[in-house]
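Chemist: sharing a sequence plus its predicted fold:
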Amino acid sequence: MFSSLKGPHVLGITLAAAGILMVTMGTRQSLGLFVGPINTSTGLGLATISFALAIGQFVWGAVQPLAGAAADRWGPRPVLVGGILILALGSALTPYMQSGWGLTVALGILAAMGSGAGSFSVLIGAAAQRMPAEARGTASGVINAGGSFGQFVFAPVMQKLIQVTGWMGAMWSLAIISLAALPLIGKVTKGTHGAHVVHAGEDPGLRQALKTALTDRSYLLLHAGFFTCGFHIAFLITHLPTEVDLCGLPPSVASWSLALIGLANIVGSLVVGHLVGQYRSKSILALMYASRAVLVLWYLMMPRDPWVFYVFAVGLGLTWLATVPPTAGLVGKLFGVRYLGTLFGLTLLSHQIGGFLGAWLGGLAITELGSYDLMWWADIALALAAAALNLPIREARVVRPIPA
């Protein structure tokens, strides 16, 4: 599975990028654990806090194409350094915010901007431009697994810190931990600028690349499917702890469920990263989206006990962020890797528009209706729609090499 990552150059870039994503995604994916404690401490209400996190979902996505374009233009180093510093600043300021507006600025804008600048579009774009085509699928899977490992590590650690130091102390700890990603940036960027050569006539310019992509039916269908992925993930990452609480279960069930999602997604990301070199990415995506609909339906039919949540979490984790390698791979197949950071960043923006709605509407549902039932059924419908939308995407069949 990892034979395509041979050589210290390719392997070093891949592991360093995975380490950075472990920190930025681990930070971002653990914020749902803070919703209840912040509400208890400030009395702002679940709807207000959910809205701040929903803004964060959108901002994280809106930053992706901008950060990708900046990295395509000036290189990934300044983008990644700035992102980590802004992420740490937003986390450090959060405990001082006692209003909905202040929480939106700290978590919804600053922390989201920082984690977005140090996320998929910049890291996968930088890696793809600096390694051979046969290594990109596996590398994107390993990088993606780094984000999943971050969720696996951060969720129980943050839950324990909240219990021991309070949510404010845990948030300050999060700011300090974020800075640990800074030393890895040099490994991603140092000495790799000559690895990707753009030949004359190959580069149409960013404006033309955007024009071509935004009028391509397959690219737009990919955006529509990824929108559903964002809705699904943001709803769960924001509201799963509240769902656990509604079922009368301890907070540890929520933190371990989030950790299991991350652990299972390590497996899912590595497997899917390998499969994109064996099968068409659109088929892999359609299958993953359809499986989510089946899994949510199963959850609705089961009693609410800890083991149901744990099994549900493992099932979710297998496809959680494993949609990223085939989605990024499809963008690269359709338009090349020269502006992959920008074009995949736009796809991530679509993902996060769905994320905004998933986080925000979940808050409205629990406030106005007292349960998430409507959201679960909407999630099933959108997952089935995403599976159907991916099938017409234009993608050539994968030609597998014949063994000697």
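Modeler: Cool, the structure landed.
Chemist: rounded mean pLDDT for stretch 84-103, please.
Modeler: Per-residue pLDDT values over stretch 84-103 give a mean of 93.
Chemist: residues making contact with it?
Modeler: If you take Cβ atoms under 8 Å, 6 or more residues apart in numbering as the criterion, stretch 84-103 is touched by 20, 23-24, 27, 38, 42, 44, 48-49, 51-52, 105-107, 109-115, 117-118, 167-168, 171-172, 174-176, 178-179, 181-182, 185. Where you see a C-beta, it was placed from the backbone N, CA and C, and this is true even at glycine.
Chemist: quick one: low-confidence ranges for this structure?
Modeler: For the chain, the stretches flagged by pLDDT under 70 are 1-8, 132-134, 137, 190-204, 398-404.
Chemist: just the contacts of stretch 84-103: which are in helices?
Modeler: Judged by DSSP state H, the subset of those located in helices is 20, 23-24, 27, 38, 42, 48-49, 51-52, 112-115, 117, 167-168, 171-172, 174-176, 178, 182, 185.
Chemist: just the buried residues of the contacts of stretch 84-103.
Modeler: 20, 23-24, 27, 38, 42, 44, 48-49, 51-52, 105-107, 109-115, 117-118, 167-168, 171-172, 174-175, 178, 181, 185 (16 or more other Cβ atoms under 10 Å).
Chemist: ok, the spatially most central residue of the chain - contacts?
Modeler: Centroid-nearest residue in the chain, with Cα atoms, centre = their mean: residue 321, separated by 5.9 Å. Contacts of residue 321 were listed using Cβ under 8 Å, 6+ apart, and they are 25, 144, 147, 148, 233, 265, 268, 269.
Chemist: could you single out the nearest of those residues to residue 354?
Modeler: residue 233 (8.5 Å; Cβ to Cβ).
Chemist: burial of the closest one, as a residue count?
Modeler: By other Cβ atoms under 10 Å, the residues close to residue 233 number 24.
Chemist: assign it to helix, strand or coil.
Modeler: Put simply, residue 233 is helix when judged by DSSP: H, G, I helix; E, B strand; the rest coil.
Chemist: do the one 5 residues further on as well
Modeler: Assigned by three-state DSSP, the conformation of residue 238 is helix.
Chemist: please report how far it lies from residue 157.
Modeler: 19 Å (Cβ to Cβ, to the nearest Å).
Chemist: who has more neighbours out of these two?
Modeler: A side-by-side neighbour count of residue 238 and residue 157, using other Cβ under 10 Å, places residue 238 first with 25 against 18.
Chemist: was I right about the more buried one contacting residue 34?
Modeler: No - counting by Cβ atoms under 8 Å, residue 34 is not a contact partner of residue 238; they are 10.3 Å apart.
Chemist: next structured bit after whichever strand or helix holds residue 224?
Modeler: Element membership of residue 224 [criterion: DSSP states H and E] is helix 217-246. Counting by DSSP H and E, the next helix or strand C-terminal to helix 217-246 is helix 251-275.
Chemist: quick one, that following helix and helix 217-246 angle?
Modeler: Helix 251-275 runs at 160 degrees relative to helix 217-246, counting by axes from the mean of the first three to the mean of the last three Cα atoms, to 10 degrees.
Chemist: which secondary structure elements does helix 251-275 sit against?
Modeler: Here helix 251-275 touches helix 8-29, helix 133-178, helix 217-246, helix 281-301, helix 306-317, helix 324-335, going by 3 or more Cβ pairs under 8 Å, 6 or more residues apart in numbering; DSSP states H and E.
Chemist: how deep is residue 40 tucked in, by neighbour count?
Modeler: 10.
Chemist: kindly report the same for the one 10 residues further on.
Modeler: For residue 50, the count of nearby residues is 28 (other Cβ under 10 Å).
Chemist: check whether it really touches residue 36, as I assumed.
Modeler: No - in this structure, residue 50 is not within contact of residue 36 by Cβ under 8 Å, at 11.5 Å.
Chemist: mind listing the shared neighbours of those two?
Modeler: With Cβ under 8 Å, 6+ apart, residue 50 and residue 36 have no common neighbours.
Chemist: and the residue nearest to the centre of the chain, what element?
Modeler: Using DSSP H and E, residue 321 falls outside every helix and strand.
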